[in-house]
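Colleague: quick check, what structure comes out for this input:
(2 chains)
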2 protein chains.
Amino acid sequence: MRDAQPGQSSTVGSEEALVARFLAPLAEGHAGAFALTDDCATVSVPPGEELVVTTDAVAEGVHFLPDDTAEDIAWKALAVNVSDLAGKGAEPFAYLMALSFPAAPKVAWLERFRDGLQAAQQQFGLVLAGGDTDRRPGPLSITITAMGRVPEGTMVRRGTACPGDVLLVTGTLGDAALGLEMRRQPGLARNWGLTQNEAGFLLQRYVRPAPRLALRAALRSAARAAMDLSDGIAKDLSRLARASGCGAEIDVRLLPLSAASRRVIGTDPSRMQAALAGGDDYEILAAVPLENLAAYQTAAEAAGVPVTRVGAMTKGPEVAILGPDGRAMPLASPGWDHFAS
Amino acid sequence: MRDAQPGQSSTVGSEEALVARFLAPLAEGHAGAFALTDDCATVSVPPGEELVVTTDAVAEGVHFLPDDTAEDIAWKALAVNVSDLAGKGAEPFAYLMALSFPAAPKVAWLERFRDGLQAAQQQFGLVLAGGDTDRRPGPLSITITAMGRVPEGTMVRRGTACPGDVLLVTGTLGDAALGLEMRRQPGLARNWGLTQNEAGFLLQRYVRPAPRLALRAALRSAARAAMDLSDGIAKDLSRLARASGCGAEIDVRLLPLSAASRRVIGTDPSRMQAALAGGDDYEILAAVPLENLAAYQTAAEAAGVPVTRVGAMTKGPEVAILGPDGRAMPLASPGWDHFAS
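Modeller: Alright, predicted model coming up:
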């Protein structure tokens, strides 16, 4: 391994050096990771619990911007996976990571990437258990498989909502999508009349998604179905409704908005679209039976997670979105799809 | 979803359609996959067992060739992961897959890709439990996380070999590397004087690696350490020795060679390098205590897996490779490294 002093422009000499120096420290605390010196990791699941697993890839230019910092990229790569677990009521504990670099990464970049992962690990309560690194043409990409645990049979599913269930979302919607627009067009914050704090808030919502792990117990005890919102509530609600074999109705006038995005929409009403179809919210949509509603709201409040009632499941099969005038609105774009032509 | 009839050039209309049509059938048999309609999958681990997990990515132009068939690409993506599990004595049962396409994939290609995965699943005994698909620039890439099981505490590790342990490898080495060379230079088979059968054998060894799952019980009961060979025995043995804190000595005259590669080396002795450092063998290197040697050989034979003694672990720390003259040889290239400059 080459000496990294002063390190600003040096690259690592080998795959082993990269793993030993930048990844192995992230695996401390998981004995079954064998300090990343083996091909596989072992993972134990206590009796009475089961594993909940998910995999999501992020790539430069698709899921993050080329000028995002290494810390933010690391955070986001882990957060989007942990958010999937949060939406299922699962407790994250370990992850695997496959890294693909188009060119040998710089030591300084890797140090910041490791720091970002370390911070995210501590925040979300999981450790690195294993991984794979390679070099290939194309964008920098990070594929994470996150593992969580639930008491057996208690994973909150997507396809189990029933007509009449109340729909609630956590936090506020659309912030990250507006933050991304601001990253793409630096003049927007001024056009929108945002204060520096408001602009910073929206940007932060884009670069540092905060999975709603605190909601786990409330979801498991009171929700009938749930999912995290990554592609916008319009599209994700359609998925939940279709998987559940029913319909749904939500009212845009009920969608929770931050002060910052309310100001944006005040200036440019078309930006309401961000809350419906912008994506990257990483909030949780839950379908809660009416008889559990008070318990869910109380548990969410106790966990410090704001939840807002936005609609209900219906017999369907339509998913209706009531617009500002209270009438079903057509959607210009139902949300992000990698394959739609 | 568009109709695929006649299907040769049509593409799928959405991510959901792709998942429902080409991936969901691969998840039949794993109830916790929820037919791929959820964000996460559940996985149960019976009491007394633990999970063994690994992740490996393959990308076009790096791990497979642009003109490899969709069936072969699918097979290889799964096989390289399952081989990691085989080297640890673990029994595969499920996997997650993240697919990245540079352009909307053709229906005909996806059908063949699904068929290749289906064949590999049946051969290796595991099913798809979940995944992620996206589009991004760069090469087609497939990142798989494979999950296996072992009785608790019995995963065969890489870092537990001891001086004096006998080193054995399964099958024959270098075939796949020669097959890859033939793919790159179609005239080589004739230059090497190979029969059609021999040429076909070497090509097959490259495109259809066959993880040594049958060796699982022998490894768990008799080996002290083991790993699958993906980057060539010279490099992989160095890893095993370093992780174990000792050295090793192997003799190239003992390396098992197929009839086809013996013929190649007879024509061009420098091709011996393929067996040492060519990579893509997906055979298993095991360090077996002398007192277990007979038991290991008997168990391997009973499982139908040929094993050959090639050397022994030493106090080290050197890893010595004795050449054709019985003297330690220098290696032109110690094996594949994505990051070596």
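Colleague: how about the stretch 1-150 of chain A: which residue is closest to chain B?
Modeller: Ranked by C-beta to the nearest C-beta, the top residue of the stretch 1-150 of chain A for proximity to chain B is A:Gly138, at 1.8 Å. Yep, even glycine has a C-beta here, placed from its N, CA and C like the rest.
Colleague: ok, that residue - how many residues close by?
Modeller: Using other C-beta atoms under 10 Å in any protein chain shown, the number of residues around A:Gly138 comes to 23.
Colleague: so is it in a helix, a strand, or just coil?
Modeller: Assigned by DSSP: H, G, I helix; E, B strand; the rest coil, the conformation of A:Gly138 is coil.
Colleague: who touches it in this structure?
Modeller: A:Gly138 is in contact with A:59, A:100, A:102, B:59, B:102, B:136-139, B:141, counting by C-beta atoms under 8 Å, 6 or more residues apart in numbering or on different chains.
Colleague: of those residues, just say which sits nearest to A:Leu36.
Modeller: A:Leu36 lies nearest to A:Ser100 out of the contacts of A:Gly138, by C-beta to C-beta, at 17.0 Å.
Colleague: which SSE is that closest one in?
Modeller: Under the criterion of DSSP states H and E, A:Ser100 resides in strand A:91-101.
Colleague: next SSE downstream of that strand?
Modeller: helix A:107-124.
Colleague: using PDB, write down the CA coordinates of that next one.
Modeller: Presented in PDB, the C-alpha positions along helix A:107-124 are these (Å, rounded to 0.1, in the frame of the first residue of the first chain):
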ATOM      1  CA  VAL A 107      -7.200   8.500  -1.300                       C
ATOM      2  CA  ALA A 108      -8.800  11.800  -0.300                       C
ATOM      3  CA  TRP A 109     -12.100  10.800  -1.900                       C
ATOM      4  CA  LEU A 110     -12.100   7.400  -0.300                       C
ATOM      5  CA  GLU A 111     -11.400   8.900   3.100                       C
ATOM      6  CA  ARG A 112     -14.500  11.200   2.800                       C
ATOM      7  CA  PHE A 113     -16.500   8.300   1.400                       C
ATOM      8  CA  ARG A 114     -15.600   6.200   4.300                       C
ATOM      9  CA  ASP A 115     -16.400   9.000   6.700                       C
ATOM     10  CA  GLY A 116     -19.900   9.400   5.100                       C
ATOM     11  CA  LEU A 117     -20.600   5.700   5.500                       C
ATOM     12  CA  GLN A 118     -19.400   5.700   9.000                       C
ATOM     13  CA  ALA A 119     -21.700   8.600   9.900                       C
ATOM     14  CA  ALA A 120     -24.600   6.900   8.200                       C
ATOM     15  CA  GLN A 121     -23.900   3.600   9.800                       C
ATOM     16  CA  GLN A 122     -23.900   5.200  13.300                       C
ATOM     17  CA  GLN A 123     -27.100   7.000  12.500                       C
ATOM     18  CA  PHE A 124     -28.900   4.000  11.100                       C
END
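Colleague: state the mean pLDDT of that helix.
Modeller: Mean pLDDT, computed over helix A:107-124, is 96.
Colleague: flag every buried residue along it.
Modeller: Neighbour-count burial for helix A:107-124, counted by 16 or more other C-beta atoms under 10 Å in any protein chain shown, picks out A:107, A:109-114, A:116-118, A:120-121, A:123-124.
Colleague: stretch A:97-110 now?
Modeller: In stretch A:97-110, counting by 16+ other C-beta under 10 Å, buried: A:97-101, A:104-107, A:109-110.
Colleague: of those residues, which is the nearest to B:Leu240?
Modeller: Distances from B:Leu240 to those, taken by C-beta to C-beta, are shortest for A:Ala98, at 22.1 Å.
Colleague: wait, the closest one touches B:Thr54, no?
Modeller: No: between A:Ala98 and B:Thr54 there is no contact under C-beta atoms under 8 Å: 10.2 Å.
Colleague: ok, back up a step: tell me the pLDDT of the residue of the stretch 1-150 of chain A closest to chain B.
Modeller: Reading off the model, A:Gly138 has pLDDT 87.
Colleague: kindly report the same for the one 4 residues further on.
Modeller: Per-residue pLDDT puts A:Ile142 at 95.
Colleague: other SSEs contacting the strand or helix carrying it?
Modeller: According to DSSP H and E, A:Ile142 maps onto strand A:141-151. Secondary-structure packing of strand A:141-151 (3 or more C-beta pairs under 8 Å, 6 or more residues apart in numbering or on different chains; DSSP states H and E): strand A:49-59, helix A:70-87, strand A:91-101, strand B:49-59, strand B:91-101, strand B:141-151.
Colleague: and A:Leu237, its phi and psi?
Modeller: phi -60, psi -40 (degrees, to the nearest 10).
Colleague: dump the residue contacts of it.
Modeller: A:Leu237 neighbours (C-beta under 8 Å, 6+ apart): A:167, A:248, A:250, A:285, A:319.
Colleague: what sits against A:Arg216?
Modeller: Neighbouring residues of A:Arg216 by C-beta under 8 Å, 6+ apart: A:86, A:89-91.
Colleague: which residues touch A:Gly304?
Modeller: A:Gly304 touches A:Ala214, counting by C-beta under 8 Å, 6+ apart.
Colleague: secondary structure class for it?
Modeller: When classified by three-state DSSP, A:Gly304 comes out as coil.
Colleague: with A:Gly171 as the reference, measure out to it.
Modeller: 11 Å (C-beta to C-beta, to the nearest Å).
Colleague: follow-up on the earlier one: is the strand holding A:Ser100 up against chain B anywhere?
Modeller: Yes: contact of strand A:91-101 with chain B (C-beta under 8 Å from any C-beta of the partner chain) involves A:96-98, A:100.
Colleague: what of stretch A:165-172?
Modeller: No: Stretch A:165-172 stays out of contact with chain B when judged by C-beta under 8 Å from any C-beta, the minimum separation being 15.5 Å.
Colleague: for that stretch, what does the pLDDT average out to?
Modeller: According to the model, stretch A:165-172 has a mean pLDDT of 98.
Colleague: and that stretch, how far out from the chain middle?
Modeller: Put simply, stretch A:165-172 sits 16 Å off its chain's centre (C-alpha atoms, centre = their mean, to the nearest Å).
Colleague: got the CA coordinates for it in CSV?
Modeller: The C-alpha trace of stretch A:165-172 is given here as CSV (Å, rounded to 0.1, in the frame of the first residue of the first chain):
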residue,chain,number,x,y,z
ASP,A,165,-57.7,1.9,5.4
VAL,A,166,-56.6,5.5,6.2
LEU,A,167,-53.5,6.7,4.2
LEU,A,168,-50.9,8.6,6.2
VAL,A,169,-47.5,9.9,5.2
THR,A,170,-44.6,11.0,7.4
GLY,A,171,-42.8,14.3,7.3
THR,A,172,-43.2,16.5,4.3
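Colleague: if we can go back for a sec, once you drop chain neighbours, what's closest to the residue of the stretch 1-150 of chain A closest to chain B?
Modeller: B:Gly138 (1.8 Å; C-beta to C-beta, 6 or more residues apart in numbering or on different chains).
Colleague: gap between that neighbour and A:Pro139?
Modeller: Distance, B:Gly138 to A:Pro139, by C-beta to C-beta: 6 Å.
Colleague: shared neighbours of those two, anything?
Modeller: The contact sets of B:Gly138 and A:Pro139 overlap at A:59, A:102 (C-beta under 8 Å, 6+ apart).
Colleague: burial check on A:Gly316, number of neighbours?
Modeller: Counted with other C-beta under 10 Å, A:Gly316 comes out at 16.
Colleague: wait, isn't it in contact with A:Pro163?
Modeller: Yes: look at A:Gly316 against A:Pro163 with C-beta under 8 Å: they come within range, at 7.4 Å.
Colleague: now for the two: what residues contact both?
Modeller: With C-beta under 8 Å, 6+ apart as the test, A:Gly316 and A:Pro163 both reach A:246-247.
Colleague: quick one, helices of chain A?
Modeller: With helices called from DSSP state H, chain A shows them at A:15-18, A:70-87, A:107-124, A:175-184, A:188-191, A:196-207, A:216-222, A:233-244, A:259-267, A:272-277, A:293-302.
Colleague: appreciated, that's everything.
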